[in-house]
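**Student:** Structure, please.
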Amino acid sequence: MTGIYVVISTLLLIFSIMAVVKARAVGLLVPFWFVFGWLTSELAVWVLLFIAALNFGAWFLIGISGQAAVWGGSFCLGSALLLLESLRRSFDSGQAFDRAFKIGLGDDFIAQIPAARRSLLNRHIHSSEWLWPFRFARPSVRVERDIAYGDAGKRNWLDIYVPSQAAPADRPRPVLLQVHGGAWIIGHKAEQGQPLLYRMAELGWVAVSINYRLSPRSAFPAHIEDVKRAIGWIKANITAYGGDPEFIAVTGGSAGGHLTLLSALTPNYAPWQPGFEDADTRIQAAMPLYPPTDLLNRHDIRQQSGIDEPVISRVFPGPEDESMRLRDEASPLSWLVERDAAAAAPPMLIIQGDYDSLVWVEETRLFVSELIQRTTTPLVYAELAGAQHAFEFFHSPRTSHYLVAATAWLEWVYAQWCAQQSEHQCATDRHESSSANLPSEDPMQ
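**Tutor:** Model (predicted):
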């Protein structure tokens, strides 16, 4: 038992170091650093509880002593101190969002949301949420699953999250479309974005999460074709679920963030709409999280990563010339710099963690700097200290701060859009939400 105690203590220290140390140019170790650093950081509270239980059992129940107690106890103490620092960064994420909103939207942006909707928002995060990482379902939200939006079988299925207890709305509800990540080769509609999907449906939105075709079975541009096909399906069918086909916000992380950006920058781009060229695929808002923006890595930002080429070769197969052409076309940065797509861009909230091992923060900064020079629509860029890739995958203190910010921004961008519509009826009344029991607090006070 002494050996097991020391081994576990050693692993805990290594994982805790991965959670607080920024390491990216480490070759084939990148995926391991990401996975263990991400899980340890976002589950820091539970890891701390495990450390306490481990040492209570080792010291008081088993009675470990001698060198094993010294080394194991020291390693556990070091882990605990590192995890407390990780938690501090996580709890400070709200300040990063506040700064981003003040820079991008001004001090009073929250006042531009109708009072009835603003009263549903809440700045404070609660332990009843972030202490339970995988408790997503809400009694006030109903999910309609596995609805076909295309003819590619399960990869063209979507789920719809709707308020289950709200009074029937006499005005259509805004729509949020979630696009999952997974390096374009893995992922599922029910695995990602769950905290946000349930939160927005709870606030009275209609939320949609989609599958799309994956590589290597389907090469690019199959992925973005399916996202656009889903947007077309929503515009044609979402009224049956109480949604507003005129307002669609798109979000997603990683590969889903990349596809979110492409959907925002390429509205009605016929080559990516085979068989539905005339469908309207414009969107009204985009919230990409840690999105790859330059698949050519033309500025040599990502270095010594052993995972880029194995992924890229599966998504963009074929002769080198053709692969490079597709990678250029698939890069949101190319659409900004070479294709002047910023004029079509809707309002955006871009979120990136500065500890991201898979999508480097410098790549996102470069994209944002290019976009801000070219766009006239509102742009908010939030950079979170100590945040890894996929930080919002499940509930944590950082995820709770993200949910506060995301809901406030989505309500704001919807309110801005509604203010520009002369005759359109917008869902702005409090009674149209299923969340009348939420705390009525100004989220920015």
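
**Student:** hey, C-alpha coordinates of stretch 199-213 in PDB?
**Tutor:** What follows is stretch 199-213, C-alpha atoms only, in PDB (Å, rounded to 0.1, in the frame of the first residue of the first chain):
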ATOM      1  CA  ARG A 199     -28.900  27.300 -20.000                       C
ATOM      2  CA  MET A 200     -30.200  29.000 -23.200                       C
ATOM      3  CA  ALA A 201     -33.300  26.700 -23.400                       C
ATOM      4  CA  GLU A 202     -33.900  27.500 -19.800                       C
ATOM      5  CA  LEU A 203     -33.900  31.200 -20.700                       C
ATOM      6  CA  GLY A 204     -36.500  30.700 -23.400                       C
ATOM      7  CA  TRP A 205     -34.300  30.200 -26.500                       C
ATOM      8  CA  VAL A 206     -34.600  27.200 -28.900                       C
ATOM      9  CA  ALA A 207     -31.200  25.500 -29.000                       C
ATOM     10  CA  VAL A 208     -30.100  23.100 -31.700                       C
ATOM     11  CA  SER A 209     -27.100  20.700 -31.600                       C
ATOM     12  CA  ILE A 210     -26.000  18.900 -34.800                       C
ATOM     13  CA  ASN A 211     -23.900  16.000 -35.900                       C
ATOM     14  CA  TYR A 212     -22.100  16.400 -39.200                       C
ATOM     15  CA  ARG A 213     -20.000  14.200 -41.500                       C
END
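
**Student:** So, low pLDDT: which residues of the protein?
**Tutor:** Filtered on pLDDT under 70, the chain yields the residue ranges 165-170, 304-306, 428-445.

**Student:** According to the record, where do the domains of it fall?
**Tutor:** 2-89, 93-432 (automatic domain parsing).

**Student:** Please indicate which of the ones you listed has the most neighbours on average?
**Tutor:** domain 93-432 (a mean of 20; mean count of other Cβ atoms under 10 Å). The way it works is simple: take the backbone N, C-alpha and C, and place the C-beta from them, glycine included.

**Student:** tell me the SS of residue 145?
**Tutor:** For residue 145, the assignment made with DSSP: H, G, I helix; E, B strand; the rest coil gives strand.

**Student:** which non-adjacent residue is nearest it?
**Tutor:** residue 159 (4.8 Å; Cβ to Cβ, 6 or more residues apart in numbering).

**Student:** what's the span of stretch 156-175, first residue to last?
**Tutor:** 19 Å (Cα to Cα, to the nearest Å).

**Student:** Pull the distance from it to the chain's centre.
**Tutor:** The chain centroid and the centroid of stretch 156-175 are separated by 21 Å, computed with Cα atoms, centre = their mean, to the nearest Å.

**Student:** How about stretch 309-329?
**Tutor:** Its chain's average C-alpha position is 25 Å from that of stretch 309-329, according to Cα atoms, centre = their mean.

**Student:** and the end-to-end length of that stretch?
**Tutor:** Stretch 309-329 has its terminal residues 17 Å apart, counting by Cα to Cα.

**Student:** Could you shift the numbering so residue one becomes 8, and keep it that way?
**Tutor:** Okay, residue one is now 8; in that scheme the one you just asked about reads as stretch 316-336.

**Student:** Contact partners for the residue nearest to residue 152?
**Tutor:** Residue 166 makes contact with 150-154, 196-197, 215-217, according to Cβ atoms under 8 Å, 6 or more residues apart in numbering.
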